[in-house]
Structure formats: structure tokens, C-alpha cells
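Trainee: sharing a model that was predicted from the sequence below.
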Amino acid sequence: MNKQKPLMWIIAGQDSSGGAGIVADLLTTHDFDVTPSVVISALTAQNSQQLLGVEPCSVDFFKLQFDAIAMLQPCAIKVGMLANLEQVDVLTQTLHQLKRQQPDLKVVIDPVLVSSSGYNLGDVERVARFDRLFAEADLITPNIPELMTLTDTSIHSPEDLVKAAQQLAQRCQCAVLAKGGDSSFGERCVDVLCHFGSELVLSAPRIDTAHSHGTGCSLSSAIAAMLAHGYSLFDAVVAGKAYISRGLRLAVGQNSLPGAVAHWGRADQFADYPVIESSKTEIGRRYSALSNWPVAPQTAFARLDEQPGFYPLVDCFEWVEKLLHAGVRTLQLRIKEMAPAALKHCIFQSVQLAKQYRAQLFINDYWQLAIEAGAYGVHLGQEDIAANAVDLEAIARAGIRLGVSSHGEYELLRALALNPSYVAMGQVFATQSKVMPSAALGLTRFRQLCTLVDDCPIVAIGGIDLDNARPVIEAGADGLAVVSALSQSHAYLETIAKFNDIIGE
Ligand SMILES: Cc1ncc(COP(=O)(O)OP(=O)(O)O)c(N)n1
Ligand SMILES: Cc1nc(C(=O)O)sc1CCOP(=O)(O)O
Ligand SMILES: [Mg+2]
């Protein structure tokens, strides 16, 4: 059965060269599997170097286009070039109404005030009118000239860029992705997402190409499309940025003229994905990154001796014992509530028994006890690592393996940056065993994420049972972590045997 794609509205201008504007937007929506509806703001006569003219759409016809698509309820809206302030006002009202009816609607605005081909709608007076429009946005994506116009500041350094982005985010009460690609602050291109007290600093290599027309349109469309699919803002920005890096890498132009960024599918190579900077990296510090995500320790984490395979998570020694007797080779002790003395006893007892079986026993959360007990490995979530000042160097030096959770593109990149012994990805399917802050990935997205991982075992987790295990393995998992498939099984030995059969096929 064909699944309906999410709907996305695009409000933008037409570019006669096809490199930017609505053509770039449509090619992007195609690559991201969303169904577009279109409101044209203007016809433009332009190419990658020159803007020859703009023919704005009349306000009445601009409105009529909205009337025509009113029944096609969008999950996200991308706004690109607007031709005049009347259009800005009509759109502001339309978005205001739509957002009242549908509070989860996502709006991404690429404030096309200053384009690479010479378009300029941005003087200070006009900017004030845009503020009302931006108040309806979830995200705005200015480049440096636009950010300078919108904040009436000069940007000559990373500090200026961050300050201006924060100022705009505060003023308009929405997230701001400041695109630093035009800057000459360093060898790498750095984008900063300011988002209500948190921020994301992304860096990517500068790609030497003349074919960059349409990057701003394509990036904002890619982000809006990802939001339409229900991705988090951080995941959408990371995937959007990777899409542009891939497009720039593959762009060839036409007839030896500078041309447009390529639209040849979503990024499926790790190399196209940005680095997520933090206060622990040099670039992150220059851009005042707030995140304290650590860098990989000097000592590499020990590797797994065997692929994780069938990987049950249990909460007591009795289960550890039963599973080891049953021949399970990789398992996790995941205890959420136990008095400290009993907890320590349980961990030490389990580690000792697992050693006798030469099994790969991971201790969840309690990394200090895991080091003390000499455990095979520890498993940590991203909150555990970010919040608890985990001593990764101590874990690695003790020869203990590290597994790290991830729930999408952004967390996967952060996890891989630590060079862990395995990375867990979840929840693949909806789980009943834990309250999750994010939606299930589903098989398609899980498969896409797997393509980004080269040399690190992947453990799939969340809602995995005997009925859905096979496609998860086929999608790229090296291990299947389960809670309820085992704890709720009436015949656990049989269940283990069946999982092993599926994994071994
Ligand atoms: C194999 C595996 N994957 C994911 C998790 C979840 O870890 P975390 O995000 O830290 O959540 P808690 O398990 O601590 O609730 C895991 N434990 N194991
Ligand atoms: C502990 C845990 N972590 C998850 C993640 O996605 O990080 S899902 C999960 C629970 C998995 O239980 P079940 O196999 O019963 O769905
Ligand atoms: Mg945890």
C-alpha cells in the first residue's frame, strides 16, 4: 500500500535559470519525500550571476493561490522570496490563522532579503514589517548579509555572528539558523542555530565550487521537509546541512558557467554530514558553543569481541544468570531502582558470572561501579554523558567498552564522535517499556541512519520482537536490543533461539 507523503506548502519566487527559488524547492521536496503545494510570489528573470528583473504577483492573485490550496492542510510551510511588503502582510495574516488552527504546523522562513544574484528587499524600514511575519515562524535562516540587515549590525567575527543570531532569536521569539558559509572567519563553514537558550554549532569543510546557486532555498526547504516528517529541529538542520554539502560536492553546472547546487538525493555518506561542535572543541569555543559534549578520549574504547547479535536488557542478577546459562553472548544489566548496597552487589555478581562465560555484559548508567567491578562494557545515554560529567578517559583506560544511545541524525553524529564500541539507535518501533521524548524512527529512517555508520557496530532498540526483527537486521543492525520481547515471553529459551536464528540467517 502506498503511504501518503506529508504535505508542505512553498511560498517562493520563480527563478528563470531553475537554480534557485521554486525549482530548487520542488527538487528538494522530491528528494525528501514530501508533497508540495506552491504559492508563487513573483516571477524573476535571473541566473546564478545576475538578476534582470522581478515581476511581483498581484496581491489578489497571491491571496487566491492560498484560497486554492486551503484544503491541502500542510505539515510544514517554507517561505522564500517575497516580492513586496503587501505580500509580507498577507502572509503574516495567513500564517497567524493557520497556526491558531494547527499549533503543530512548522514554519521555516528563508528571509530572502539579499540574494547572491543581486535581489535586495532589505532596508531598515522594511525590516520592521518582517518582524511580524517572523513572529509566526519556528525557524528563520538568514545568511550573513541578511542577518546584518535584520539586526542592523556588522558581522566581522564569530562572536558578532552569534550575538546577532541570539539577538534576532530573542526579538522574534523563534529559532534562528545563522548561515556562516559566506564568512571568511576560518577554513570551515560554520552555521549556528540559536534556539531558546540552547544552540547548535555545526561546521563543515568549505567546498570549492562555483556551483552554489540555490543553496539557501534548498537548505530551508530541506529543513521544512524534515520537520513535515516530524523530525526534531536539530535533526532537520543536521540533515539539511548534509544535503547541501552533498549537493555542492556533486554540482557540475552547465556550459562551464557557474551553476546551481545539485539535487541528487539525500546525503547517505558520513563525510557529507557536519561536525557538531561543543565547548570542548576549538571551533565550538570560538562560536561560544554552550553544549559541553565531550570529545573522544585519547585512549580508544576497546572494541567488541563479537557482534552484539541478540542483546537482551534485564534488571536483576537472576535474569543475567538465566540468560548466560541459555548461551546469550551479549546482554545488559539495566537497573533503574535499587538500594545502593544491593545495586553494587548485583553489578559485581553479574560481572563476575559474565566473565566466567566470557560474555559481553554491559552495565547501564553506573559507569563508576562498572569500572570498579571490571565490567566488559557500560551503556550510556546522551543525557547521561552530557549531564553527569562522565569520565570517558577513565572508562577507556580501564579497557571497558562503551555503548552510546542515539535517536536521530544529531545524536548519532554526537555518539560517533566519541568513537564508541557500539552505537544504539532507537526507538526503531514504538516501545512500551520506556517513556520516550521522540517518535519512533521507523524502518526507512533507521535504514538511512545505518548508511552513515561505517565501522561501528549498530544496535537497534525499541519495539523489536520476533515479527519485526528480520527487516531490522536487513536494514543494517548488527544487534537487536530487547526488553519486553524477552520479559513478556512465556517460553524465553524458545524466544532466544528464534532471535538467534533470525540474526544468523
Ligand atoms: C542498547 C541500549 N540502547 C539504548 C539504551 C537506552 O539508554 P539511555 O538512553 O541511557 O536510557 P536508559 O536505558 O538509561 O533508560 C540502552 N539502555 N541500551
Ligand atoms: C531502554 C530503551 N531505550 C530505548 C531507546 O530508544 O533509547 S527504547 C528502550 C526500551 C526498549 O524496550 P522494548 O524492547 O520493550 O521496546
Ligand atoms: Mg541511561
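Mentor: Received, thanks. Ligands and ions are numbered 1, 2, ... in the order given.

Trainee: would it be right to say that L43 lies in a strand?
Mentor: Yes - under DSSP: H, G, I helix; E, B strand; the rest coil, L43 sits within a strand.

Trainee: what sits against it?
Mentor: Counting by CB atoms under 8 Å, 6 or more residues apart in numbering, L43 touches 13-14, 16, 54-55, 57. Bear in mind the C-beta positions are built from the backbone N, C-alpha and C, glycine included.

Trainee: what's the farthest-apart pair in these?
Mentor: S16 and C57 (15.0 Å; CB to CB).

Trainee: of the contacts of L43, buried ones?
Mentor: By neighbour count, with 16 or more other CB atoms under 10 Å, the contacts of L43 hold 13-14, 54, 57 as buried.

Trainee: L27: which of those is nearest?
Mentor: The closest of the buried ones among the contacts of L43 to L27 turns out to be Q14 (CB to CB; 13.4 Å).

Trainee: which residues does the closest residue to ligand 1 within the chain contact?
Mentor: Residue of the chain nearest ligand 1, by CB to the nearest ligand atom: G381 (2.2 Å). By CB under 8 Å, 6+ apart, the contact set of G381 is 365, 404-405.

Trainee: can you pick the most crowded of those?
Mentor: Using other CB atoms under 10 Å as the neighbour criterion, V404 leads those with 28 neighbours.

Trainee: doesn't M8 lie inside a helix?
Mentor: No - counting by three-state DSSP, one finds M8 to be strand, located in no helix.

Trainee: and the contacts of G381 as CSV, adding pLDDT, distance to I464 and secondary structure?
Mentor: Output for the contacts of G381, formatted as CSV (pLDDT from 0 to 100; distance: CB to CB, whole Å; DSSP: H, G, I helix; E, B strand; the rest coil):
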residue, pLDDT, distance to I464, secondary structure
D365, 96, 21, coil
V404, 98, 18, strand
S405, 98, 15, strand
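
Trainee: pull stretch 468-482 out as CSV, backbone CA atoms only.
Mentor: The C-alpha atoms that make up stretch 468-482 are tabulated as CSV, following Å, rounded to 0.1, in the frame of the first residue of the first chain:
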residue,chain,number,x,y,z
ASN,A,468,9.7,-7.3,13.0
ALA,A,469,13.3,-8.4,13.8
ARG,A,470,14.2,-9.6,10.3
PRO,A,471,13.8,-6.3,8.4
VAL,A,472,15.7,-4.5,11.2
ILE,A,473,18.7,-6.8,10.6
GLU,A,474,18.3,-6.3,6.8
ALA,A,475,18.3,-2.6,7.3
GLY,A,476,21.8,-2.7,8.8
ALA,A,477,21.6,-3.6,12.5
ASP,A,478,24.4,-5.7,14.0
GLY,A,479,22.5,-6.3,17.2
LEU,A,480,18.9,-6.3,18.4
ALA,A,481,18.4,-5.0,22.0
VAL,A,482,15.1,-6.0,23.5
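
Trainee: surely I385 meets V404?
Mentor: Yes - using CB atoms under 8 Å, I385 is in contact with V404, at 7.0 Å.

Trainee: pLDDT weak spots in the stretch 1-150 of the chain?
Mentor: Filtered on pLDDT under 70, the stretch 1-150 of the chain yields the residue ranges 1-2, 113-125.

Trainee: show me where it has its helices.
Mentor: Using DSSP state H, counting those that start in this stretch, the helices assigned to the stretch 1-150 of the chain run over residues 21-31, 59-68, 85-101, 124-134, 144-151.

Trainee: for the third one, buried residues please.
Mentor: To tie it back to what came earlier, the one meant is helix 85-101. Quick answer for helix 85-101 (16+ other CB under 10 Å): 87-88, 90-92, 94-95, 98-99.

Trainee: likewise the fourth one?
Mentor: When neighbours are counted by 16+ other CB under 10 Å, the buried residues of helix 124-134 are found to be 127, 130, 132-134.

Trainee: by contact count, what packs against it?
Mentor: helix 85-101, helix 144-151, helix 158-172 (3 or more CB pairs under 8 Å, 6 or more residues apart in numbering; DSSP states H and E).

Trainee: might you report the residue contacts of the residue of the stretch 251-400 of the chain found nearest ligand 2?
Mentor: Among the residues of the stretch 251-400 of the chain, L313 lies closest to ligand 2, at 6.2 Å counting by CB to the nearest ligand atom. By CB under 8 Å, 6+ apart, the contact set of L313 is 331-332, 334, 364, 481-483.

Trainee: again, but for A267
Mentor: Listed by CB under 8 Å, 6+ apart, the contact partners of A267 are 239, 242-243, 245-246, 273.

Trainee: ranking these by neighbours, who comes first?
Mentor: Of the contacts of A267, with other CB under 10 Å as the count, Y243 tops at 29 neighbours.

Trainee: give the buried residues for whatever helix or strand it lives in.
Mentor: Y243 is part of helix 233-250 when elements are defined by DSSP states H and E. Neighbour-count burial for helix 233-250 flags 233-250 (criterion: 16+ other CB under 10 Å).

Trainee: what residues does K78 make contact with?
Mentor: Counted by CB under 8 Å, 6+ apart, K78 has contacts 8-12, 25, 108-110, 220-221, 224-225.

Trainee: so A342 sits in a strand?
Mentor: No - going by three-state DSSP, the assignment for A342 is helix, not a strand.

Trainee: what about it, how many residues nearby?
Mentor: For A342, using other CB under 10 Å, the count is 12.

Trainee: ok, now R303?
Mentor: With other CB under 10 Å as criterion, R303 counts 11.

Trainee: and for T299?
Mentor: T299 has 14 neighbours, counted by other CB under 10 Å.

Trainee: I461 versus the nearest residue to S405 once chain neighbours are set aside, what's the distance?
Mentor: For S405, ignoring the flanking residues on the chain, the nearest one in space by CB to CB, 6 or more residues apart in numbering is G381 at 4.3 Å. Using CB to CB, to the nearest Å, we find G381 at a distance of 11 Å from I461.
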